[in-house]
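1. let me see the structure of the following:
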Amino acid sequence: MTTYKIDGFASNLERREKYRDFYATGAIEKGDALCFDVNATEPTNGYGNHVMEADIDAPATSCAIGIATEAAAAGEKVRVQVAGYCDFAQTVSASAAPGDLLGTNTAAGQLSIIAAHPQLAVAIHIADSTVGSGDASSKVFLLNPANL
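-> Purely as a prediction, here's the structure:
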């Protein structure tokens, strides 16, 4: 749906979702928080065209840009949601309250509150997964930090 009104009530629900396609550097699962592959060796299709699991422990993977909408193997194309309401993110359960800013975590591919690791926020927390940490069913609102 695309009908919305900036200064009033919307007649249709607008979730401002935005998606981009990239190549997977390694194996990716649905719901993984992803970052650009900016390691020292340039990827096959160039910098900015490859993504991998985001992980706060490595500077090259610490800035998440969005959430994988599907699983992909190395070299395959993967669709990444970069903005709007997302109900399939992997978060560290019980790490955040609704409204908290989320960023990458030490568990690759998962998001958690950024207070423990100062960084650029990728999402606003809405609700944890009912299954637990790492399950692709947490609700977040993606902020599109890379302006994609």
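2. just to be sure, S93 is in a helix?
-> No. Under DSSP: H, G, I helix; E, B strand; the rest coil, S93 sits outside any helix and is assigned coil.
3. look up phi and psi at it.
-> Torsion angles at S93 (phi, psi; degrees, to the nearest 10) stand at phi -60, psi 140.
4. count of neighbours near it?
-> As a burial measure, the neighbour count of S93 was computed by other C-beta atoms under 10 Å and equals 17. Heads up, the C-betas are built off the backbone N, CA and C, glycines and all.
5. that one contacts T130, correct?
-> No. The pair S93 and T130 does not pass the contact test of C-beta atoms under 8 Å, sitting 9.1 Å apart.
6. using PDB, write out the CA atom coordinates for stretch 83-94.
-> Backbone C-alpha positions of stretch 83-94 (Å, rounded to 0.1, in the frame of the first residue of the first chain) are rendered in PDB as follows:
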ATOM      1  CA  ALA A  83      13.900   0.400   6.200                       C
ATOM      2  CA  GLY A  84      10.500   0.200   7.700                       C
ATOM      3  CA  TYR A  85       8.600  -2.400   9.900                       C
ATOM      4  CA  CYS A  86      10.200  -5.800  10.000                       C
ATOM      5  CA  ASP A  87       8.700  -8.800  11.800                       C
ATOM      6  CA  PHE A  88      11.500 -11.400  11.100                       C
ATOM      7  CA  ALA A  89      14.600  -9.900  12.700                       C
ATOM      8  CA  GLN A  90      16.900 -11.900  15.000                       C
ATOM      9  CA  THR A  91      17.400 -10.200  18.300                       C
ATOM     10  CA  VAL A  92      18.900 -11.200  21.600                       C
ATOM     11  CA  SER A  93      15.800 -11.900  23.600                       C
ATOM     12  CA  ALA A  94      15.200  -9.700  26.700                       C
END
